[in-house]
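Undergrad: got a sequence here, can you build the structure:
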Amino acid sequence: MDLHVIGPLASPVERAAVDAVLGPPESGWVGGPRDSRIDGHAAQGGHVTRARRSQLLPALHAVQSRIGWISQPALNYICRRLAVAPAEAYGVATFYALFATTPRPPVVAHVCDDIACRLAGAEGICDDLTRAVGPAGEPIRDGGATWLRSPCLGLCDHAPAAMVTVAGEGPKTFTITPVSAAGVLGVLESDPGRMYGWTDPPQPVSGSPRLLRRVGVIDPSSLDDYRAHDGYKALARAIEIGPEGVVAEITASKLMGRGGAAFPTGRKWAAVASRPSQPHYVVCNADESEPGTFKDRVLLEGDPFATVEAMTITAFATGSSQGYLYIRGEYPEAEARISGAIARAREAGLLGADILGSGFAFDIELRRGAGAYICGEETALFESIEGKRGEPRNKPPFPVEVGLFGKPTVVNNVETLANVPLIVLGGGEAFARIGTEGSSGPKLFCLSGHVARPGVYEVEFGATLGDLIELAGGVPDGHSIRTILLGGAAGVFVGPDALGMPLTFEATRAAGATLGSGVIMVFDETVDLVDTLRRIAQFFRDESCGQCVPCRVGTVRQEELLARLAAGSRVRSRDDELTLLREIGQVMRDASICGLGQTASSAIESALRQPGMVAL
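TA: Below you'll find the predicted structure:
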């Protein structure tokens, strides 16, 4: 059945925003003027139109950026342009937190109230804003602006933080850090279009940095500067040794994925390269949304050409012709930097046809997320690129067989790819000698919370947890460590007795912990850990995609149970409530489709296991 939304037509401004992404409509069947000579009796091009479903997210972004929200007429116009059922498009638009389907002021300040920013006073900022201008979402400045609470913006090293979106003919998105209530009000009540600022990437802090060697040293917008610092030597070397040679070096390096799953990168590449089905795809997962994680942002802002080069090498090795870099919507500075790097590489013949005269063709398309933590899961990311709700797929089949658009796909995150040029230039065996037997290479860690110098730190695998905290200057103001969140909201809390633990995959696994996405968030003795646990539970409740019952219901029940315990309004004994909390966590671990549900209770349960840490 062909479904249509009955109502007013999209405004000329809304249509122009969509057409700027999709091009002008080719017939009356897809939103153009009706010409009875062409469109009178039959529609043509339906298959081609439906094949453009992957443009749904960019089209929604275009309207949101131009108007400030997505109206029903605008959504209906997008549906006609892409031959998508209105109910499906509405489901996609309402899935992402950065999209609004009800009227919203054009200027919005998204104030982070997640874990690291809470430690830096974010809750007090939100309270001050509520007293000054009203609750979150309340329009101010004659309806021209508002503020909202936001989950982690990936600016934990600059906490507290806010992101400002300005819709209009020249839309802008920028971050302000560190922020105060007065600073937010100053932006909202002035001309926010003139407020710009890059977050300063940290200087390399370890003895001989490898992954961070160019961050803070080169001009990230200059391809010439990148090439003057060994840029694109690895790609030339890869073409010299051939695809099989590259895969062999990556395999010999024992490089494990740095996104949390720690899957052998060489095995993944070899599996994609061997698949007869074509085309093959390369996907860079830059949807870094784990609270406390910001290493990929630093790499993209400070050394964007390295990611472009690494993706190109990956494509050459795996026989891929098209790449997608999926970046989270809360990284405007990183998006601008990587977008510029892609454009300059293409202009220089380093993307496109016949790269470096090798006959190899490859290009990269940048896709911006819209506020959904679940899209960091690889198959949910594929769904999002394809223009669907970001809901994880069941496995098997795995992405190396059936990935993006149903084709073999290799997906790696930014930090994993940052290691690729090092391996190709220096050799896999030399790389494998860095670190430990089971954890090779350098590793980036994100230090935040109660440390003197928050930031991204590079060490070789095997450095201890205490070493990293010492590099970050230790706990300031004479305070002592109460607990450390290792691996992010999906990680675990460990006590001060874990400071001697080597930070390797094997050592953390043996200790019942995880490296996760490289988060090390320190809490001193002044912290209200009950509030922290409730914020973690709220995060997973909000970010659950809702596809599977164990996660959809379990995250809600977990948050409700913690709220009851914190308020002293138990409906059964404390021990029985804690037993129920553990049972909920076990069900989510056993029955959830993806890692979100499987790890949603990890940090909470780990904190409750430590005697005297949490008073509930």
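Undergrad: next up, the contacts around residue 337.
TA: Residue 337 sits next to 220, 221, 300, 301, 304 when contact means Cβ atoms under 8 Å, 6 or more residues apart in numbering. Every residue, glycine included, has its C-beta placed from N, CA and C.
Undergrad: residues near the first one, how many?
TA: By that I understand residue 220. By the criterion of other Cβ atoms under 10 Å, residue 220 has 26 neighbours.
Undergrad: quick check: it touching residue 298?
TA: No - no contact is recorded between residue 220 and residue 298 when judged using Cβ atoms under 8 Å, the distance being 10.8 Å.
Undergrad: so which helix or strand takes in residue 178?
TA: With the criterion set as DSSP states H and E, no secondary-structure element contains residue 178; it sits in neither a helix nor a strand.
Undergrad: that one is in contact with residue 159, isn't it?
TA: Yes - in terms of Cβ under 8 Å, residue 178 counts as a neighbour of residue 159; the distance is 6.6 Å.
Undergrad: mutual contacts of these two, please.
TA: Residues touching both residue 178 and residue 159 by Cβ under 8 Å, 6+ apart: residue 120.
Undergrad: for these two, indicate the residue with more neighbours.
TA: Neighbours were tallied for residue 178 and for residue 159 using other Cβ under 10 Å; the higher tally belongs to residue 159 (24 against 15).
Undergrad: my guess is that one meets residue 113, correct?
TA: No - under the criterion of Cβ under 8 Å, residue 159 lies out of contact with residue 113, with a separation of 10.6 Å.
Undergrad: who touches both of the two?
TA: Any residue near both residue 159 and residue 113 by Cβ under 8 Å, 6+ apart counts here, and that gives residue 122.
Undergrad: report the mean confidence score over the longest helix along the chain.
TA: Among the elements of the chain assigned as helix by DSSP state H, the one spanning the most residues is helix 233-253. Throughout helix 233-253, pLDDT has a mean value of 97.
Undergrad: tell me what that helix is packed against?
TA: helix 265-273, helix 304-318, helix 420-426, helix 428-432 (3 or more Cβ pairs under 8 Å, 6 or more residues apart in numbering; DSSP states H and E).
Undergrad: now do the longest one against helix 233-253, angle only.
TA: For helix 304-318 against helix 233-253, the angle between stretch directions is 60 degrees (axes from the mean of the first three to the mean of the last three Cα atoms, to 10 degrees).
Undergrad: list the buried residues of the very next helix or strand once past helix 304-318.
TA: The element immediately downstream of helix 304-318 (helix or strand, assigned by DSSP H and E) is strand 320-327. Within strand 320-327, the residues that count as buried by 16 or more other Cβ atoms under 10 Å are 320, 322, 323, 324, 325, 326, 327.
Undergrad: how close does the residue nearest to residue 219 when sequence neighbours are not counted get to residue 147?
TA: If you skip the residues right next to it in sequence, residue 219 has residue 225 as its closest partner in space, 4.6 Å away by Cβ to Cβ, 6 or more residues apart in numbering. For residue 225, the distance to residue 147 equals 38 Å [Cβ to Cβ, to the nearest Å].
Undergrad: quick one: the strands in the stretch 351-500 of the chain?
TA: 363-368, 409-413, 442-449, 455-460, 481-486, 492-494 (DSSP state E, counting those that start in this stretch).
Undergrad: so which of the ones you listed gets nearest residue 420?
TA: Distances from residue 420 to each of those were compared using Cβ to Cβ; the minimum, 8.3 Å, belongs to strand 409-413.
Undergrad: which outside residues touch that closest one?
TA: Residues outside strand 409-413 that contact it (Cβ under 8 Å, 6+ apart): 257-259, 265, 268-269, 272, 280-286, 288, 296, 314, 318, 320, 378, 381-382, 399-400, 403.
Undergrad: which non-adjacent residue is nearest residue 428?
TA: Among residues not flanking residue 428 along the chain, residue 252 sits closest, at 3.0 Å (Cβ to Cβ, 6+ apart).
Undergrad: list the contacts for the one you found?
TA: Neighbouring residues of residue 252 by Cβ under 8 Å, 6+ apart: 266, 427, 428, 429, 431, 432.
Undergrad: could you do residue 259 as well?
TA: The contact partners of residue 259, taken as Cβ under 8 Å, 6+ apart, are 285, 376, 412, 413, 415, 416, 517.
Undergrad: narrow those to those in helices?
TA: Secondary structure assignment (DSSP H) places 415, 416 from those within helices.
Undergrad: closest to residue 539 among the contacts of residue 259?
TA: The nearest member of these to residue 539, counting by Cβ to Cβ, is residue 376 at 13.0 Å.
Undergrad: let me see the backbone angles for the closest residue to the closest one other than its chain neighbours.
TA: With sequence-adjacent residues excluded and distances taken as Cβ to Cβ, 6+ apart, residue 376 is closest to residue 287, at 4.6 Å. The phi and psi torsions at residue 287 (degrees, to the nearest 10) take the values phi -90, psi 70.
Undergrad: just give the number of residues close to residue 70.
TA: By the measure other Cβ under 10 Å, the count of residues near residue 70 is 25.
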